[in-house]
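Chemist: Here is my input, please return the structure:
(one chain, ligands or ions: 1)
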Amino acid sequence: MTVTRRTTLGALTAGATALGAARSVAAPAAASPHRLWYRQPAKEWVEALPVGTGRIGAMVFGGVAEERLQLNDDTLWAGGPYDPVNPQARAALPEIRRLIAAGDIAEATKVADARFLATPRYQMSYQTIGDLRLAFPGLPETADDYVRDLDLDGAIATTRFSAGATRFTREVIASAPDRVIAVRLTADKAKALSLDLSFASPLNSRPTARAEGADTLVLAGTGEAQNGVEAALKFECRVRVLNKGGTVVADGAGLAVRGADEVLLLIASATSYRRFDDVGGDPAAINRTAVEAASARPWRDLLARHQADHRKLFRRVAVDLGTTSAALKPTDERIKASPTTDDPALAALYYQYGRYLLIACSRPGGQPANLQGLWNDQAAPPWGSKYTININTEMNYWPAEPTGLAECVAPLVEMVRDLSVTGARTAQAMYGARGWVAHHNTDLWRATAPIDGAKYGVWPTGGAWLCKHLWDHYDYGRDQAYLADVYPLMRGAALFFVDTLVRDPRTGQVVTSPSISPENDHGHGGSLVAGPTMDQAIIRDLFSSCIAAAAILGTDAPLAAILAAARDRLAPYKIGKDGQLQEWQDDWDADAKEIHHRHVSHLYGLFPSDQIAIDKTPALAAAARRSLEIRGDLSTGWAIAWRLNLWARLGEGDHAHGILGLLLGPERTYPNMFDAHPPFQIDGNFGGTSGMTEMILQSRNGEILLLPALPSAWPSGRLTGLRARGAVGVDVVWARGRLESAVFTAAADGRHHVRYAGGAIDLDLKAGQRVRLTARDGVLRKA
Ligand code: FUC
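Modeler: Numbers count the residues shown, from 1 in each chain. This next block holds a predicted model:
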């Protein structure tokens, strides 16, 4: 363990300036709490730095002689509109159910694999545009005084270096308001900027680049066909070069800039995607409009508009967990050193990075964050970089409401709206059921049938889990017009289960069948089963939120009564022979093929749900804890992050902090702070931000808990701008391991039951009202 002195940020920054004498370039801003920085260009993709408008994004490598901007468009996917429903599925359903009830899981799996899976059996992949390459003739491979960084607060990636006697600066932003990625190149000498621009794409559809006019380069092409589904999307990416003092000439499939004082590149991208069933858009027209409009604005204007837009979201939350001299090092070195170094500011940086990433990849009008958010450099990425909705997509949105990014949930809501349409067809054709269903994955085309293999895909509660986010968005924001808008989606998800739940002949209770506990083999012939604990819990939440919504909206009382009766018949939680929370109706946990399996699906009730809580259902919480102990802490990225949230819910701050250490270490965090599943998967980043929030503030079971799992490693700190259920903002400040103050700012009228340590207080707040609490001797008082 490196012993480092804890100090305030101010003192450290002063220290950094002193250090700056020795290290002229990098050091002055090194202790900035919002800065990822490096002393060398990115070699690997997971060293490059992400920017994004929510719709289009770039990974910035920071090369000297050649800069590589790897580009993405969130609607560039393989395939086109398709309906994967297998016409044989409905006839196979009774047989699969019968085989499961008879305990012949192997045979049920065979039948499901043969007749119950989607056609095609796999979904479409998210793709990449490729690279915009900037080659700088005359510049060396490596340069002096090199530093590159990503400023999370400014949402700007900057590369600075000297070559010869010239100092170069390259800045990259991805502007949501102006719908372009803008790159500004400057130098401290006149006429010093010369570069050649070209596109390179790994897509098999071989997009072609051509110059348009004297200053524009256009890459146009299509997505790829996949699994027998034809490529339906056209895409276009265009870059316009604006320069001062130099020349631009078109040179075949490239552009050459010579002798400029300053260069501004404006990059736009679009596809013909309009909706899952409409690919009639005109990408060239969309891009022309965006580039034309952005060209009318000087860089400082583009920058100011971008930063104002970003900061409106980003600055809602501030975090300080303390800092040490470890924070002076480049980010990659800090990650490497983190297992043996006290570096609480690295956790704070990771926290805000999660928020930065969500702002950059999930904005209204765009697609939701996929398995890699927005950033992917491959034509065939891992797991298709799709939407895996048996944990991953949901985890992406865990931090959204509590950390002040409710707007970022909009694309997820829109995806559920689409799924309620495509999933209605799947519900009808596969199950003969009303409502809608989505299984464990979906894609740009909103496919909803079971994919990959019965042991992964035959899981009917993916759409229902997504509906939790619809309800949570209401619960945090309390906007009734929004609730009225999404209620039909929740209602449709519930109706599917009214029609498809089956009676367990042994107990008379109702369960899902066929299903699985994602993606865990229970050791009795496979994964297929009736009534995995997670399904019962998700459906319980879905029914409860529908009942509550119907009451708030004053509608649908007859259905609410049906749901209440069905909810009472759902098979309840069970505690098994090892004291664990049973993952299945049978006590099979000890027989499972992988005892340390990464999914902890049966613990959904503890987090993200609050059906199980240490202070409400202590016996179940103890069983969940036992399950967690058996599963172990070490896993893949998102699975570690889930455990972090769960241990926070158990009130175990030090244990949670230890798990956070596993997530932040070099095994699970790449140099650019992307989460390693491995390979890269963004859910761990978001789950990490969520888990840290849960250590400081929990909003559950109708209560707000302050410092419920504060670790001893963070004796003093603050986390301000958080949101709790009931439309209230919360700022938490603590010192020497105890609460100093908590400020509540109400956005709507309401009563809040607030707890800290042993004490509690009720706050009746009117919209706009602000109240400060202190806690002397653990007793909460209004200040
Ligand atoms: C689920 C997980 C895998 C991976 C994939 C994208 O299937 O079990 O670990 O995260 O989604």
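Chemist: so what's the residue of the stretch 401-550 of the chain found nearest the ligand up against?
Modeler: In the stretch 401-550 of the chain, the residue that lies nearest the ligand is residue 519 (5.0 Å; CB to the nearest ligand atom). For the C-beta atoms, the positions are set from N, CA and C on the backbone; glycine is no exception. Residues in contact with residue 519 (CB atoms under 8 Å, 6 or more residues apart in numbering) are 390, 440, 455-456, 527, 599.
Chemist: Buried ones from those, can you make that a ChimeraX selection?
Modeler: Here is the ChimeraX command that selects the buried residues among the contacts of residue 519 (16 or more other CB atoms under 10 Å):
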select :390,440,455,456,527,599
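Chemist: Of the contacts of residue 519, which ones also sit close to the ligand?
Modeler: residue 599 (CB under 6 Å from any ligand atom).
Chemist: So which of the contacts of residue 519 sit within strands?
Modeler: Of the contacts of residue 519, none are assigned to strands by DSSP state E.
Chemist: Just the contacts of residue 519: which are in helices?
Modeler: Residues of those located in helices (DSSP state H): 455-456.
Chemist: same question for stretch 508-525, mean pLDDT?
Modeler: Mean pLDDT, stretch 508-525: 98.
Chemist: Mind listing what's buried along that stretch?
Modeler: Quick answer for stretch 508-525 (16+ other CB under 10 Å): 509-525.
Chemist: what about that stretch, start to end distance?
Modeler: Its first and final residues considered, stretch 508-525 spans 24 Å by CA to CA, to the nearest Å.
Chemist: likewise stretch 576-587?
Modeler: 6 Å.
Chemist: Just the helices from the stretch 501-650 of the chain, written as ranges.
Modeler: Taking DSSP state H, counting those that start in this stretch as the criterion, the stretch 501-650 of the chain contains helices spanning 533-553, 557-569, 618-631, 637-649.
Chemist: Determine the set of other helices and strands touching the third one.
Modeler: Just to be clear, that refers to helix 618-631. When contacts are defined as 3 or more CB pairs under 8 Å, 6 or more residues apart in numbering; DSSP states H and E, helix 618-631 sits against helix 637-649.
Chemist: Tell me how many other residues crowd residue 459.
Modeler: 29 (other CB atoms under 10 Å).
Chemist: Same question for the one 3 residues further on.
Modeler: Other residues within reach of residue 462, judged by other CB under 10 Å, total 28.
Chemist: Need the pLDDT of it.
Modeler: Residue 462 carries a pLDDT value of 98.
Chemist: ok, it touching residue 392?
Modeler: No: at 10.6 Å, residue 462 does not count as touching residue 392 under the criterion of CB atoms under 8 Å.
Chemist: Now do stretch 320-327: distance to the chain's middle.
Modeler: Centroid separation for stretch 320-327 versus its chain: 26 Å, with CA atoms, centre = their mean, to the nearest Å.
Chemist: Kindly check the end-to-end length of that stretch for me.
Modeler: One end of stretch 320-327 sits 13 Å from the other (CA to CA).
Chemist: Show me which residues of that stretch are buried.
Modeler: By neighbour count on 16+ other CB under 10 Å, the buried set for stretch 320-327 is 320-327.
Chemist: quick one: average confidence on that stretch?
Modeler: Stretch 320-327 shows an average pLDDT of 96 in the prediction.
Chemist: what angle sits between the helix or strand harbouring residue 655 and helix 637-649?
Modeler: Secondary-structure element containing residue 655, defined by DSSP states H and E: helix 653-664. Following axes from the mean of the first three to the mean of the last three CA atoms, to 10 degrees, one obtains 170 degrees for the angle between helix 653-664 and helix 637-649.
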